[in-house]
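**Student:** Below is the sequence, then the predicted model.
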Amino acid sequence: MTDCLFCKIVAGEIPAIRITETDRAIAFMDIFPAAPGHALVIPREHHDDALGASDEDLAACMQLASRVGQAAVSHLGATGVTFQSLARPDAGQTVFHLHIHVIPRVAGDGFAVPWPHAEGDLAEIEGHAARLRSAL
Ligand code: AMP
Ligand code: ZN
């Protein structure tokens, strides 16, 4: 896609701090890092987000993200990793080429999960599960 920022990174038309790559995916550093070592993994092929991507590219991206996360643990001192992929504007996505954030974590880093962990209504949860089940 010609006006896609991450397609331009894939093509080498704009600079990126690359880490590693495979035949399907590329890992590079996020230049607005949420934490030290924050990386992004993207497919070479354009997909807007994880909702529209092929199984092959989803698998390739998650496999590479895991490898980058393992390197953050073994070589950056991370003691945990957040893997995150936002899909569509209402989820907060700002670059519309599928990407997985690989964010190295340490205890007490203040990177809080954005929900309260309050117990839900079980009947409502069962209802949502039934609707998802019927779709799958
Ligand atoms: P999201 O908000 O989930 O769509 O994530 C987009 C990410 O891309 C953000 O974390 C940005 O910091 C990052 N980003 C934007 N432009 C660049 C760039 N030129 N190189 C590396 N990362 C970028
Ligand atoms: Zn793209």
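**Tutor:** Thanks, I have it. Numbering: from 1, shown residues only. Ligands and ions are numbered 1, 2, ... in the order given.
**Student:** burial measure for the residue of the chain found nearest ligand 1, as a count.
**Tutor:** Residue of the chain nearest ligand 1, by C-beta to the nearest ligand atom: residue 32 (3.2 Å). No exception for glycine: its C-beta is placed from N, CA and C like everyone else's. Neighbourhood size, residue 32 [other C-beta atoms under 10 Å]: 6.
**Student:** Please apply the same query to the one 5 residues further on.
**Tutor:** By the measure other C-beta under 10 Å, the count of residues near residue 37 is 22.
**Student:** just residue 72 next, same as before
**Tutor:** 23.
**Student:** Tell me how far it lies from residue 82.
**Tutor:** Per C-beta to C-beta, to the nearest Å, residue 72 is found 10 Å from residue 82.
**Student:** residues in contact with stretch 70-89?
**Tutor:** 19, 36-37, 39, 49-51, 62, 65-66, 69, 92-94, 98-107, 111 (C-beta atoms under 8 Å, 6 or more residues apart in numbering).
**Student:** can you pull the buried residues of it?
**Tutor:** Residues 71, 72, 78, 81, 82, 85, 86, 87 are the ones in stretch 70-89 that count as buried (16 or more other C-beta atoms under 10 Å).
**Student:** Determine the three-state secondary structure at the residue of the chain most remote from its centre.
**Tutor:** Of all residues in the chain, residue 123 has its C-alpha farthest from the mean position, at 31.3 Å, by C-alpha atoms, centre = their mean. Under DSSP: H, G, I helix; E, B strand; the rest coil, residue 123 falls in the helix class.
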